[in-house]
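> My questions concern the predicted model and sequence given below.
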Amino acid sequence: MIASNPRIPYRLADDRDALPAFNNRRIVVQFVVNMEHWRFDHPMPRGISTPPQGRAAVPDIPNFAWAEYGMRVGMKRFFDLFRATGLPASASLNANVIDVYPECAEQSVALGWEFIGHGLYQQAVHTEPNETEIIERSLERLKAYTGVKTRGWLGPGLGESEKTPDILKSLGIEYLLDWVLDDRPCWMETKKGPLLSVPYTLELNDSTVYAVEKHRTGEFLNRVRRTLAAYEREEESGTVIMTVALHPHLMGVPHRITELVEMTEVLMAHPQVTFAQPGEVAHWFEGLCDETAKRKMA
């Protein structure tokens, strides 16, 4: 038998029942703000500036400062926008952010943002010598700070080993955002039982649009409008989850923050859009499923 997806069995999108409305709307928008600790004394996970004479250095001052601008200035713009609009968001944060950028953690809590596990620092967990230890330490730090158990996980760089979902499930994680393979939640198989996959995105993601594909400012807004237009045409499909993934060093810069403002205006004006955090989506979907239905609704 040819091996395919070992975690989420394949199903064509129309081979399942349409999901009911979420708060009387059928397009659920999730804002996921990635708050990351890029270590000063390590090579940078990604950069905007090529090294002089082609020789990479540590510390990598231009690229480190590019990223830290987001945590110093970009996050302030994000907080101002979400405070003014009252829109919910979630913080996918490296646990070290709590100690390295404490004001960002404090304001996230004050705004009611859901904390989603995202490692200790910005490095894919499957590259760590002890993946389980890193995940466990990051979850313990988030719980110690917030006082509540962290329900969701988004891997740094969406990186996983073959064991990652099993580890996450064993540590009490209830949903995972790494698997960008559907517009609705799916049940994932692990050795410890079903784990919920909640949609994330690489397409409506400023990292893809501006750091990888390097489009001109305005492309993200264009994609949001076109995505809404596609979902309008697919009304028979029922409720869909539309994630907007943000990084403060990308959408928090002056020439893009106004684009983000326009994006929120477009989304808020749409008659079929509502807003939620991933944990709310997970709770809603779980409520639609009993143990038998978890397989049927995958």
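Structure's in. What do you need? Bear in mind that the values here come from a model prediction, so they are computed numbers and not experimental data. Numbering: from 1, shown residues only.
> Spell out the residue ranges of the helices in the stretch 1-150 of the chain.
Using DSSP state H, counting those that start in this stretch, the helices of the stretch 1-150 of the chain run over 61-69, 75-85, 97-100, 102-110, 131-146.
> where does the stretch 151-298 of the chain have low pLDDT?
291-298 (pLDDT under 70).
> could you measure the nearest residue to Glu36 once chain neighbours are set aside against Leu288, distance?
Nearest non-adjacent residue to Glu36, counting by C-beta to C-beta, 6 or more residues apart in numbering: Gln122, 4.3 Å away. The C-beta positions use only the backbone N, C-alpha and C, and glycine is treated the same way. For Gln122, the distance to Leu288 (C-beta to C-beta, to the nearest Å) stands at 35 Å.
> Looking at the two, which has the bigger crowd around it?
Gln122 (22 against 13; other C-beta atoms under 10 Å).
> any idea how far that one lies from Glu189?
For Gln122, the distance to Glu189 - C-beta to C-beta - is 28 Å.
> What average pLDDT does stretch 17-29 get?
Across stretch 17-29, pLDDT averages out at 96.
> circling back: can the helices of the stretch 1-150 of the chain go into a markdown table with extra columns for mean neighbour count?
As requested, the helices of the stretch 1-150 of the chain are exported to a markdown table (neighbours: other C-beta atoms under 10 Å):
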| stretch | mean neighbour count |
| --- | --- |
| helix 61-69 | 17 |
| helix 75-85 | 18 |
| helix 97-100 | 19 |
| helix 102-110 | 16 |
| helix 131-146 | 18 |
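> Determine the number of other residues adjacent to Gln123.
21.
> Hmm, it is touching Pro156, no?
Yes: counting by C-beta atoms under 8 Å, Gln123 does reach Pro156; the two are 5.8 Å apart.
> what touches both of these two?
Overlap of the contact sets of Gln123 and Pro156 (by C-beta atoms under 8 Å, 6 or more residues apart in numbering) consists of Pro45.
> Can you give me the first-to-last residue distance of stretch 84-102?
Terminal residues of stretch 84-102 are spaced 22 Å apart (C-alpha to C-alpha, to the nearest Å).
> can you give me how far it is from the chain middle?
12 Å (C-alpha atoms, centre = their mean, to the nearest Å).
> Also stretch 250-268?
17 Å.
> May I see the buried residues of that stretch?
250-253, 256-257, 259-261, 263-264, 267 (16 or more other C-beta atoms under 10 Å).
> next one: stretch 21-33
Here stretch 21-33 shows 22, 25-33 as buried, counting by 16+ other C-beta under 10 Å.
> What's the end-to-end length of it?
Note: stretch 21-33 ends 25 Å apart using C-alpha to C-alpha.
> can you list contacts of that stretch?
Residues contacting stretch 21-33 (C-beta under 8 Å, 6+ apart): 78, 82, 87-92, 113, 116, 154, 177, 199-200, 228, 231, 235, 238-248, 267, 270, 272-278, 281, 284.
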